[in-house]
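Q: Sequence and predicted model, in that order:
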Amino acid sequence: MALEQIEQRGMVLLGCGKMGSAMLAGWLKGGLSPSSVYVLDPYPSDWLKTTGVHINTALPDAPALALIAVKPQMMGEALPSMQALGNGDTVFLSVAAGTSIATFQAALGEDSPIIRAMPNTPAAIGRGITAIVGNSRATAAHMDLADVLLQAVGQVVRLTDEGQIDAVTAVSGSGPAYVFHLVETLAAAGVAEGLPADLSMALAKATVGGAGQLAEDADDDPSQLRVNVTSPNGTTQAALDVLMDPDTGFPPLLRRAVKAAADRGRELGK
């Protein structure tokens, strides 16, 4: 039903960088006709030019959905191009961090259905997770439309309050960077213990990737999975005694990191 609405009325993408391109690729792979997609982007990528979508042309009068995927610092310059679609039946779906629903309502009209979404970069391989929340004009049907479209690039969860989105940004939006840094530091620790750099990096990548997949797929929760790997007084226990230290280990470190990201998100939203 979601793709049918898009096929009939069209879809606009304001910005088509990494995140916009990941989503568009998922939709096209899912059967969306390129002729129903209109992209506004001052620097269209070579890939985008091969897709057959409309690029920087006149827009349909009342598209089913307008995806806002520009960087927050470009929002003031880019949003005016969407004003003509406001206060109507077009659903605005934003994947821009730090830009509040109130900001969009002020620019697009108070009667515009607006949905804020926070995806993350694993969307590029169809393994993302996106949290969504809508304004009072976003109906159940609008939320379902956004939900179905975003499932093309991974899982979707719904928030009960926009105030939760800064925490989501700090956990899953920024979270892939934390995991990539874990891979870096785990590999570097292996080198410090005598492993060749390329071998240590291969071990770190496969270990983090495999453990993440196991955490998603297993019936046991991560706490139990950790216990399953840990023999009493063994090597894993020795490492966990360091990592789980309540003063110097992962718990206080990640708490500070996630708080810093959430605080920055709140600052950007002001």
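A: Noted; the coordinates are in hand.

Q: Show me what stretch 194-204 is in contact with.
A: Val183, Glu184, Leu186, Ala187, Ala188, Gly190, Val191 (C-beta atoms under 8 Å, 6 or more residues apart in numbering). Using the backbone N, CA and C atoms, a C-beta is placed for each residue, glycine as well.

Q: Serialize these to JSON lines and add fields for neighbour count and secondary structure.
A: Formatted as JSON lines, those follow (neighbours: other C-beta atoms under 10 Å; DSSP: H, G, I helix; E, B strand; the rest coil):
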{"residue": "Val183", "neighbour count": "16", "secondary structure": "helix"}
{"residue": "Glu184", "neighbour count": "12", "secondary structure": "helix"}
{"residue": "Leu186", "neighbour count": "16", "secondary structure": "helix"}
{"residue": "Ala187", "neighbour count": "22", "secondary structure": "helix"}
{"residue": "Ala188", "neighbour count": "13", "secondary structure": "helix"}
{"residue": "Gly190", "neighbour count": "19", "secondary structure": "helix"}
{"residue": "Val191", "neighbour count": "15", "secondary structure": "helix"}
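
Q: could you redo those residues as TSV and give each row pLDDT?
A: Below are these laid out as TSV (pLDDT from 0 to 100):
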residue	pLDDT
Val183	98
Glu184	98
Leu186	98
Ala187	98
Ala188	98
Gly190	98
Val191	98
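
Q: with the residues you listed in mind, which one is nearest to Lys49?
A: Of all the contacts of stretch 194-204, Lys49 sits closest to Val183, with 33.3 Å by C-beta to C-beta.

Q: Report the strands that pair with the longest strand that the chain contains, each with its relative direction.
A: Secondary structure assigned by DSSP state E gives strand 128-134 as the longest strand of the chain. Strand 128-134 has the following strand partners under DSSP bridges: strand 114-118 (antiparallel), strand 154-158 (parallel).
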